[in-house]
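Novice: structure of the sequence below:
(4 chains)
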There are 2 protein chains.
Amino acid sequence: MVIAKVKHDCKDELNEVDLRATPARVALMSLLENTDKPVDVQTMIEYLEKNGIKTDPATVFRIVNMFTEKGLTKQVQLQEGKSRYELAANADHHHLVCTKCGDIQDISDCNIDGLEKDIEKKKGFAVTSHSLEFFGICKSCQR
Amino acid sequence: MVIAKVKHDCKDELNEVDLRATPARVALMSLLENTDKPVDVQTMIEYLEKNGIKTDPATVFRIVNMFTEKGLTKQVQLQEGKSRYELAANADHHHLVCTKCGDIQDISDCNIDGLEKDIEKKKGFAVTSHSLEFFGICKSCQR
DNA sequence: TTGACAAATGCAAGTAATCCGCATATACTA
DNA sequence: TAGTATATGCGGATTACTTGCATTTGTCAA
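Specialist: As a prediction, the model looks like this:
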């Protein structure tokens, strides 16, 4: 059943958005489904290599751009000078970033929607997305 | 009096944080004081050149890093793959970024503080800062 | 099953943002 | 005004990311 779960085959998600199910894409979808924080490209490359899938950075960048364009993933920037990616389906949350150890936790229940509506009304600005991240020191780094 | 205002001399701010008042630093402080949206390094370089102040990118990066370290400025990232900087004294607001024309507007009155307190209580995470940005289409780009 | 073709990939080269070391220049201070 | 710590300029390096092109590979129809 674990197998069944993993093998539920990310191919379906890929086919749904008209993307061919190549080994690298399937593996990356699976990585994203089994990771609880946004993943950077370096980590993706290492994951692929560890799983015997030959690749190079250009391809991985193309893949995540394509995923994001097709709405499978969401690009997240946490002031690191690089991007991370998470499944769009799981993206209804925000992040707590520990500036000491780099750990990333999710938080939900932010009530930003009200603020968005306000903005639309007051500024005539059509909000399509927002980013909200908190930076600080996590529990364990506080000793 | 305009002169007086501009010449109120950013040197004071610089001296207060133990930074020497070099031409580039003074000019950049003045740029930041007279710009209503966060400024990127490219713009700073062009500004300095336009004002006859010879410089190079490494120096400007060093200056903004120093400014930020000393608390004069705040670094802002708007998903552009580069940083912008604004005066820390004016930083009690967030941004509306138009993904069509690139225009940036400020918004204030966000009430995030309550959420921050929640996080500290629930997660034991000591929040030191947060970033909140909205992306969408501005009034004029909507036609 | 297979063959054709569009779609992906690998590689090499290129760009943009940012940083670092070191020698020189310069703002402040006595 | 000289002395010194601090800034700067320059060259080179790094990292994230992109692009062009030739080759490979999913997919789908026969």
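Novice: which non-adjacent residue is nearest residue A:103?
Specialist: Nearest residue to residue A:103, sequence neighbours excluded (CB to CB, 6 or more residues apart in numbering or on different chains): residue A:138, at 5.4 Å. Every C-beta, even on glycine, is put in place using the N, C-alpha and C of the backbone.
Novice: list the residues that contact the one you found.
Specialist: A:96, A:98, A:100, A:101, A:103, A:105, B:123, B:124, B:125 (CB atoms under 8 Å, 6 or more residues apart in numbering or on different chains).
Novice: show me which of those residues are buried.
Specialist: A:96, A:98, A:105, B:123, B:125 (16 or more other CB atoms under 10 Å in any protein chain shown).
Novice: bridged to the first one, which residues?
Specialist: On the basis of DSSP bridges, residue A:96 takes part in beta bridges with residue A:105, residue A:134.
Novice: per-residue confidence at it?
Specialist: Note on residue A:96: pLDDT of 95.
Novice: from residue B:43, how far off is it?
Specialist: 32 Å (CB to CB, to the nearest Å).
Novice: same question for residue A:114.
Specialist: On the measure of CB to CB, residue A:114 and residue B:43 end up 34 Å apart.
Novice: so which residues on chain A come close to DNA strand C?
Specialist: Within chain A, the residues that sit near DNA strand C (CB under 7 Å from any atom of the strand) are A:18-20, A:22, A:24-25, A:54-56, A:58-59, A:62-63, A:66, A:81.
Novice: show me where chain A has its helices.
Specialist: Using DSSP state H, the helices of chain A run over residues A:2-6, A:11-16, A:23-33, A:41-50, A:57-69, A:113-123.
Novice: enumerate every residue touching the residue lying closest to residue A:23 once chain neighbours are set aside.
Specialist: Nearest residue to residue A:23 in three dimensions, chain neighbours excluded: residue A:53, at 5.1 Å (CB to CB, 6+ apart). Contacts for residue A:53 (CB under 8 Å, 6+ apart) come out as A:23, A:24, A:27.
Novice: any chance of those residues in CSV, with pLDDT too?
Specialist: Shown next, in CSV, are the contacts of residue A:53 (pLDDT from 0 to 100):
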residue, pLDDT
A:23, 97
A:24, 98
A:27, 98
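Novice: DNA strand D: which of those residues is nearest?
Specialist: residue A:23 (5.8 Å; CB to the nearest atom of the strand).
Novice: how near is that closest one to residue A:60?
Specialist: Relative to residue A:60, and taking CB to CB, residue A:23 is found at 12 Å.
Novice: apart from its chain neighbours, what residue comes closest to the residue nearest the centre of chain A?
Specialist: Computing the C-alpha centroid of chain A and ranking residues by CA atoms, centre = their mean puts residue A:86 first, at 1.2 Å. Leaving aside its sequence neighbours, residue A:86 sits nearest to residue A:38 (CB to CB, 6+ apart; 4.2 Å).
Novice: ok, residue A:114 and residue B:43, which is more surrounded?
Specialist: A count of neighbours by other CB atoms under 10 Å in any protein chain shown puts residue B:43 above the other of residue A:114 and residue B:43, at 15 against 9.
Novice: hang on, the earlier thing: could the contacts of residue A:138 go into JSON lines alongside distance to residue B:73?
Specialist: Below are those laid out as JSON lines (distance: CB to CB, whole Å):
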{"residue": "A:96", "distance to residue B:73": "24"}
{"residue": "A:98", "distance to residue B:73": "23"}
{"residue": "A:100", "distance to residue B:73": "22"}
{"residue": "A:101", "distance to residue B:73": "26"}
{"residue": "A:103", "distance to residue B:73": "27"}
{"residue": "A:105", "distance to residue B:73": "28"}
{"residue": "B:123", "distance to residue B:73": "29"}
{"residue": "B:124", "distance to residue B:73": "30"}
{"residue": "B:125", "distance to residue B:73": "25"}
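Novice: ok, those vs residue B:48, which is closest?
Specialist: residue A:100 (35.1 Å; CB to CB).
Novice: how much space between the closest one and DNA strand C?
Specialist: 18 Å (CB to the nearest atom of the strand, to the nearest Å).
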